[in-house]
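Student: 3D, please:
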Amino acid sequence: MAKAIHSMIRVLEEQRSVDFYANAFDLKVFDRIDFDTFTLIYLRSDETTFELELTVNKDQAEPYDLGNGYGHLAVCVDDLDAEHKKITALGYQPKDIVDFNHNGEPLARFFFIKDPDGYDIEVLQRLGRFQ
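Tutor: Here you go, the predicted model:
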């Protein structure tokens, strides 16, 4: 059986991204491995061992082209309204909260936000399958 352990994204500025993920989602640096041409930063919360790997290529000067294949990273929270207010107060610009139903039943409650490099992050209320 396979176990999901991390997802990787390339970021332009290490500290800007580390600060964003710490402030918005309480992800802390769990490990940092520096190489000659790139640095790997592994972020994790106290709640899970799943990590977000930030890759900083030292010769990258321009923002990455995210293309049209990337979807999003998703996190779930206990209080979506409070999280939306917190992220807004930090000066980030989350989209509006969406109540998403299927066959008349609540399926998900969420909002999206972009990180400093333009990656989409879906923030979901803990509900149903999203735990």
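Student: how much space between Arg109 and Thr88?
Tutor: Noted for Arg109: a distance of 16 Å to Thr88, by C-beta to C-beta, to the nearest Å. (C-beta placed from N, C-alpha, C; glycine too.)
Student: Could you check which of these two has the larger neighbour count?
Tutor: Arg109 (19 against 13; other C-beta atoms under 10 Å).
Student: On the strand side of things, show who the closest residue to that one other than its chain neighbours bridges to.
Tutor: Nearest non-adjacent residue to Arg109, counting by C-beta to C-beta, 6 or more residues apart in numbering: Gln125, 4.0 Å away. Beta-bridge partners of Gln125, counted by DSSP bridges, are Val77.
Student: quick one: Gln125 and Leu80 touch, right?
Tutor: Yes: under the criterion of C-beta atoms under 8 Å, Gln125 makes contact with Leu80 at 3.9 Å.
Student: list residues touching both of those two?
Tutor: With contacts taken as C-beta atoms under 8 Å, 6 or more residues apart in numbering, the residues that reach both Gln125 and Leu80 are Arg109, Phe110.
Student: tell me which residues in the longest strand seen in the chain are buried?
Tutor: Among all segments of the chain classified by DSSP state E, the strand with the greatest residue count is strand 105-114. Neighbour-count burial for strand 105-114 flags Ala108, Arg109, Phe110, Phe111, Ile113, Lys114 (criterion: 16 or more other C-beta atoms under 10 Å).
Student: Same question for stretch 89-96.
Tutor: For stretch 89-96, the buried set under the neighbour-count rule, 16+ other C-beta under 10 Å, comprises Pro94.
Student: And the contacts of it?
Tutor: Contact with stretch 89-96 is made by Phe20, Asn23, Ala24, His84, Ile87, Thr88, Phe111, Phe112, Ile113, Lys114, Val123, as judged by C-beta under 8 Å, 6+ apart.
Student: For burial, what's the neighbour tally of the last one?
Tutor: The local packing of Val123 (other C-beta under 10 Å) involves 23 other residues.
Student: For it, give me its contacts.
Tutor: Contacts here follow C-beta under 8 Å, 6+ apart; on that basis Val123 touches 74-77, 80, 83-84, 87, 94, 110-113.
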